[in-house]
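> build me a model:
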Amino acid sequence: MQRTVSARLDLSISGRTDMVFSIVAARGANFVSESLTFILDGELQEAVELLDAHGTRLHKFVSGPGSMIVEYAAIVADRTHPLPIDPFDLVTYLRPSRYCESDSLTPTARSEFAGLSGHALLAAVTLWVWQRLRYVSGSSRPTDGAEHTLLARRGVCRDYAHLVIALLRARDVPARMVAVYAPGLSPMDFHAVAEAYVDGAWWVVDATRLAPRQAMLRISTGRDAADTAFLTNHWADLKLKNINILATVDELPVDDGTSLVQLG
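Numbers count the residues shown, from 1 in each chain. Below you'll find the predicted structure:
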């Protein structure tokens, strides 16, 4: 399986700002080729790469004001190996977090999924969220968490993932968010899914059912969207004028939504 991915971001920056990008495939991918450039008003900018325990590669630098073009492209061959199991993760990803209020949703999770565990619980939570939410582009705010999503009954991929994660944590299953490139997604964009720890391994869960999980390519991993944002900045304001994401695969898999899938 060979995946080709790319991203282009056009930014307008109002002043000197500290920028952190998370748009490249995570470490461990089998790269055939890869390129990343940051160009501010025609001048190439140098970024420092920071690596976390999950292989997330952040690119950080301080930029002056102006117009910036960010371009990333990669070809990745085959599937990468799953991440090693870190016992610390099994503590971190059971706790409530900024967008995954598992403590608030514990009564709901206990009522709806009583008596379920393991993969049967994953399947039930995925189906439950898929049936109760409507995918509506632009329907949620950046500050909305899982509790708000459940009340609103609609959202985008990050909202689906937050609700899945919160419900699983409320049922004592470690769960986390993963930002991915997702061949087959329409309209194309960065995509967010959940990973849940069951039977000694992390399994990818996507209640949106918008793209086959087998072809997804990991970008970043964290507690929720606060840890997996494709761009964060401090100091000056900036405006994202345009974003163009592309992810293709040589042969698009068929995903029935029930099979067990691991991300590399």
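> residue 227 should be in a helix, yeah?
Yes: counting by DSSP: H, G, I helix; E, B strand; the rest coil, residue 227 is part of a helix.
> in the stretch 51-200 of the chain, which spans are helices?
With DSSP state H, counting those that start in this stretch as the criterion, the stretch 51-200 of the chain has helices at 89-92, 106-112, 118-132, 146-152, 157-170.
> what's the closest non-adjacent residue to residue 66?
Among residues not flanking residue 66 along the chain, residue 41 sits closest, at 4.1 Å (CB to CB, 6 or more residues apart in numbering). Using the backbone N, CA and C atoms, a C-beta is placed for each residue, glycine as well.
> tell me the pLDDT of that neighbour.
Predicted confidence (pLDDT) for residue 41: 97.
> what does residue 151 give?
The score at residue 151 is 96. That number is its pLDDT.
> and if you look at residue 83?
For residue 83, the predicted pLDDT is 76.
> for it, which non-adjacent residue is closest in space?
residue 54 (6.0 Å).
> ok, now which ones touch residue 259?
Shown in contact with residue 259 (CB atoms under 8 Å, 6 or more residues apart in numbering): no residues.
> isn't residue 177 up against residue 218?
No: with contact defined as CB atoms under 8 Å, residue 177 does not count as touching residue 218 (11.2 Å).
> can you pull up the most central residue in the protein?
Centroid-nearest residue in the chain, with CA atoms, centre = their mean: residue 179, separated by 1.7 Å.
> show me what contacts it?
Residue 179 sits next to 22, 190-192, 218-221, 228, 230 when contact means CB under 8 Å, 6+ apart.
> just for the stretch 151-264 of the chain, where's the confidence low?
Low-confidence regions of the stretch 151-264 of the chain, defined by pLDDT under 70, span residues 264.
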